[in-house]
Every structure is written in structure tokens, then in C-alpha cells.
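**Q** attaching a predicted model along with its sequence, questions to come.
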Amino acid sequence: MADYVGAIDQGTTSTRFMVFDHDGAEVVRHQLEHEQVLPRAGWVEHNPVEIWERTSAVVQTALGKARLAPGDLAAVGITNQRETTFVWDRRTGRPLHNAIVWQDTRTDAIAAALDKDGRGDVIRHRAGLPPATYFAGGKLQWILENVDGVRAAAERGDALFGTADTWLLWHLTGGTDGGAHVTDVTNASRTMLMDLETLDWDDELLGFFGVPRSMLPEIRESSASAAAGPFGVTRANGPFGGEVPLTGILGDQQAATVGQVCFAPGEAKNTYGTGNFMLLNTGTEIVRSKAGLLTTPAYRLGDEPCVYALEGSIAVTGSAVQWLRDQLGIISGAAESEALARQVEDNGGVYFVPAFSGLFAPYWRSDARGAIVGLSRFNTNAHLARATLEAICYQSRDVVEAMTADSGVELEVLKVDGGVTANQLCMQIQADVLGVPVSRPVVPETTALGAAYAAGLSVGFWADTDELRQNWREDTRWEPTWDESQRDEGYRRWKKAVERTLDWVDV
């Protein structure tokens, strides 16, 4: 058998390709950023062609660096930013619009209308999601209604829809020449169009959004079953330069759950990236949230039953640090945020709620917008940097509180991953805000690792999830240092700051 498994990780700000060995250790990676297209306030888009080109480039560069041939890879998995919506022409492969990113809020009116006539309650029960701008169904409806020719193309069967996994898989497996039009349960669940129980597209939900079923990809398991076979095989004229089975697909946060080996009910992880995403494994039981969380598939491995999770999705965390760099110019790089924040002992009374695209879990308020409160003449850019790191951590506490309310399970330790975990101060603040230890694994980029695990399990590269557990090793642990009164007072002030962001936009 080949010695390695590859993973394409197509994220919100960049695309990377990574290769792992049997121990789950990184062999090689290459990563490229792509442009954030911001046509107007609240709109966020990506160029689908650029994403495909960057994906091809990172695959070719990484394989070249490591001198790996297609035959060295047992399989490849794909993980991706989830709700970002791609629509393209089946015949030409040409995008019919820029991809509308999960952060985009142009579908405010669509989301609000769903709750006015009872459709929202149907969506909550059947799809496990509240009507929100976050999810793909509204974005797809917007494209069908606002881009000339797309509705007609969809009804003819010429317009295809997919999230980033589907867009890339289609190209990797031939594109206009027989490309596979496939997604998995985790990505399909982020559309408001899939029934959590049947794990299939739901005709009533499709009717709510006016979406023709012919546009939609086939929904498969996350790790391809032996009976059904791979999702597709890479073409010799593509970036891999030969045939490699594509056998794993997971939305990025579910991939991190697999990468963190959260395979038992009650195990949770938090990924710190552009946004923060915490998932709590609830087993094969569908737990319907009463506290503002999402009910979502965590993964489906082969022919085994689907495993579900409660998810707390936070729109802006790491991207708030990018905002300090790109819009305010007070730091030159993300790493500098830690050094700047360390210049002060606390936030100096400053709280920053980065509700740039509304508030996601557990509030679900699209009318919220960002606010910096508590400023006095005393405050400096160091206090703002510290408040930005604290905002990441307080938003995560909001989600933990909701998870405890829904599940009755008290968090004992938080497994963390993602780029922001390199910020030692931020992780210490997270332990202080939560009052529990924070644990980072040796391989912090667990999103790509989870996609590799899903792909490798399918082809027998790893025998089972017990073998994956043996790969997980702790790298760093942060213990809480705040006392209860400091923790409670900080959280009380955070909640006051959140209140100041509400009712800003008229929906």
C-alpha cells in the first residue's frame, strides 16, 4: 500500500494541501491565500476560478517539494469552508456568479421572511438550523433570483450547485468530461435543504427556496464506503498527475472534530480560524438545541450510522485580528497581535464585539454590528489588541454556556486547534475565561488531518477510529489563572458589550 494520504483544505482565506503519514504526522504542505472580494458593505465573495487555480497550485507544489508521485498516495480527502455557495455551468465549467461566502449578509430579507409565515420552524426541526444569512440555501435562492439566466439554466439541468468540496471534486474528476457531482452529509447539512433524519434533500425545503433538485449534488457519506466506492478518481491531466481515489469529504469543522478524535459522545473541540466553531459529539442521537446552537451531522464513516453534534458557530474571531492588520493597520501581521497585547496587563476596560456580519451562535442576530465600548483617553492600541483576543475567548464562552444548557454536560477540558492557537496569550485567556484547561495537540491543523483520516479509513490505510486515537498527542496545555470573581466580572461586562451591538441594522 502507498505510504501517505493527502488532504485538500479549502478555507475562507486560503487553500492548502497537506500530506500525512500513518502516524498522522505532517510530511509536506503548501498554502496560498486567495482574494476576498467585497463588492459592497455586508457582501463577501470569492472567485471560483481563482480557488480552483490555487488548489491546483498547492497540490502540485507540495507534491513537487516532497518528490511524491500519485502512486505514493493511498487516497485524498477534501475539507472546506462549508456554506460558501458555488453555481456553475455543467457544459462549460464556467462559474455563473462569484461564490457567495458564508459571512455574506445580503440574504437578510430572505432569512427574515422565513420566520414570518412559519417556514422557519419547519427548517429548524427538519434541518437543525435557524433561518440565517449564514447558510447556503438563501445564497442559492439569491443567485437564482438575481443573476440573469441562472434560473433558466437550472431548470434545463445546466446549472450546478455545490459548496467548495463539490466544486473542487467536480474539477478533479474531469469537470465537463464526466466530473463527479457529489457532496457529503456534513456539507449538505449546511444548506437548510437537507433533512437530518433521512440525510437527503427535502422537497418541501427545496420549495421554500425555489431550488430545482436537478442542481443539487448527490449526498454521500463522509468516508466512502467499500460498497459504493470512491467519490471519484483524479485525472492524469489534473494537478495530481495521475489517478488517486478521492474517498473523504468533510466540512471543515466536522473534519477538525475527526482530526481531534472526538469520537465519543460528550467530547468537544474548538477550532480557531477566520471564525470559531465548537462541536460537541452527541452520538447517533439528534439533539435539538433550545439554547441557540446548531444540530448537525458530525460525520458518517462508511456504512455506519451518522454521528451528530451540537455546534456553536462564531462568525468573526481570527478575522478580527486580520481587521486590526488590514483595516486599522495597528499590526503588520497576526503574530504581532500577541506582542502588542502583552504590553498591557488587562483590557483597560475596553471590550470589542466584532459583529461585522451580525452575531451567530448563540444569539443569531443579523441586526448586530461591531462595537468597541468602554474607551477612555487612557486606552491605547495595546488595549484594543488585548480586547480583540478576549473577544475570541468570550464568544467561545457564550457557546460553552449554551452547550451546557442543551446537553447537561459540564466541560472538563477544551481541545483546541487552528491557526489562532499559535497565540499563547489568547489560549491562556481562553483558559482563564472558561475556568477549564485548554489542550492543543501536536498537529494543530486538525482540519486537514480529519479529511485525511476520513479518506484513509475508506481504503484501509487506518483500520478504525481506535487506531486514530493512538495518533493524538498533546503538545501544550494552558491552566486557568483567574479567580472566580475576576472571571464572572469579565463575563458580565462582555454581556453588557454584546447588548450594545444589537438593533443596529433595520432588518
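**A** Structure's in. What do you need?

**Q** what residues sit buried inside the helix or strand containing Val399?
**A** Per DSSP states H and E: Val399 is located in helix 381-407. Of the residues in helix 381-407, those with enough neighbours to count as buried (16 or more other Cβ atoms under 10 Å) are 381-403, 406-407. In short, each C-beta sits where N, CA and C put it, glycine included.

**Q** I'd like the next helix or strand past it.
**A** With secondary structure assigned by DSSP H and E, helix 381-407 is succeeded by strand 414-417.

**Q** got any ranges where the stretch 401-507 of the chain has weak pLDDT?
**A** Confidence mapping of the stretch 401-507 of the chain against pLDDT under 70 gives the ranges 507.

**Q** mind checking the SS state of the closest residue to Gln260 other than its chain neighbours?
**A** Using Cβ to Cβ, 6 or more residues apart in numbering and skipping the chain neighbours, the partner closest in space to Gln260 is Lys269 (4.1 Å). State at Lys269, reduced to three classes by DSSP: H, G, I helix; E, B strand; the rest coil: strand.

**Q** what's the neighbour count on Lys269?
**A** As a burial measure, the neighbour count of Lys269 was computed by other Cβ atoms under 10 Å and equals 27.

**Q** and it, what pLDDT?
**A** Lys269 is assigned a pLDDT of 92 by the prediction.

**Q** so it makes contact with Phe263?
**A** No: at 11.2 Å, Lys269 and Phe263 do not qualify as touching, with contact defined as Cβ atoms under 8 Å.

**Q** mind listing what the residue nearest to Gln260 touches?
**A** If you count contacts by Cβ atoms under 8 Å, 6 or more residues apart in numbering, Lys269 has them with 256-257, 260, 262, 278-279, 414-417, 446.

**Q** what of Phe360?
**A** When contacts are counted by Cβ under 8 Å, 6+ apart, Phe360 is found next to 132, 134, 275, 313-315.

**Q** show the pLDDT at the spatially closest residue to Ser14 that is not a sequence neighbour.
**A** Of all residues not flanking Ser14 in the chain, Glu33 sits nearest, at 4.4 Å (Cβ to Cβ, 6+ apart). At Glu33, the model reports a pLDDT of 94.

**Q** from Ile8, how far off is Glu33?
**A** According to Cβ to Cβ, to the nearest Å, Glu33 stands 15 Å off from Ile8.

**Q** one more: Ala291?
**A** Ala291 sits at a distance of 34 Å from Ile8 (criterion: Cβ to Cβ).

**Q** out of those two, which sits in the more crowded spot?
**A** Ile8 (28 against 16).

**Q** next structured bit after whichever strand or helix holds the more buried one?
**A** Ile8 is part of strand 4-10, with elements assigned from DSSP H and E. Scanning forward in sequence from strand 4-10 by DSSP H and E, the next helix or strand is strand 14-20.

**Q** and that following strand, which strands flank it?
**A** Take DSSP bridges as the rule and strand 14-20 pairs in its sheet with strand 4-10 (antiparallel), strand 26-33 (antiparallel).

**Q** specify the beta-bridge partners of Trp201.
**A** Partner residues in beta bridges with Trp201, using DSSP bridges, are Met194.

**Q** an error on my part: the question was meant for Tyr299.
**A** Judged by DSSP bridges, the bridge partners of Tyr299 are Val307.

**Q** pLDDT at it, what is it?
**A** pLDDT, Tyr299: 97.

**Q** correct me, but it touches Val307?
**A** Yes: using Cβ under 8 Å, Tyr299 makes contact with Val307 at a distance of 5.6 Å.

**Q** what about these two, which has more around it?
**A** When Tyr299 is set against Val307 and neighbours are counted by other Cβ under 10 Å, the residue ahead is Tyr299, at 30 against 24.

**Q** tell me the contacts of the more buried one?
**A** Listed by Cβ under 8 Å, 6+ apart, the contact set of Tyr299 reads 185-186, 222-223, 250, 254, 257-258, 306-307, 454.

**Q** can you show me the strands along the stretch 401-507 of the chain?
**A** In the stretch 401-507 of the chain, the strands defined using DSSP state E, counting those that start in this stretch lie at 414-417, 438-441, 474-478.

**Q** neighbours around the residue nearest to Asp158 when sequence neighbours are not counted, how many?
**A** In space, and not counting its chain neighbours, Asp158 is closest to Arg90: 5.2 Å by Cβ to Cβ, 6+ apart. Arg90 has 19 neighbouring residues, counting by other Cβ under 10 Å.

**Q** between the two ends of stretch 452-463, how far is it?
**A** 13 Å (Cα to Cα, to the nearest Å).

**Q** what is the distance between it and the centre of its chain?
**A** Relative to its chain's centre, stretch 452-463 lies at 22 Å (Cα atoms, centre = their mean, to the nearest Å).
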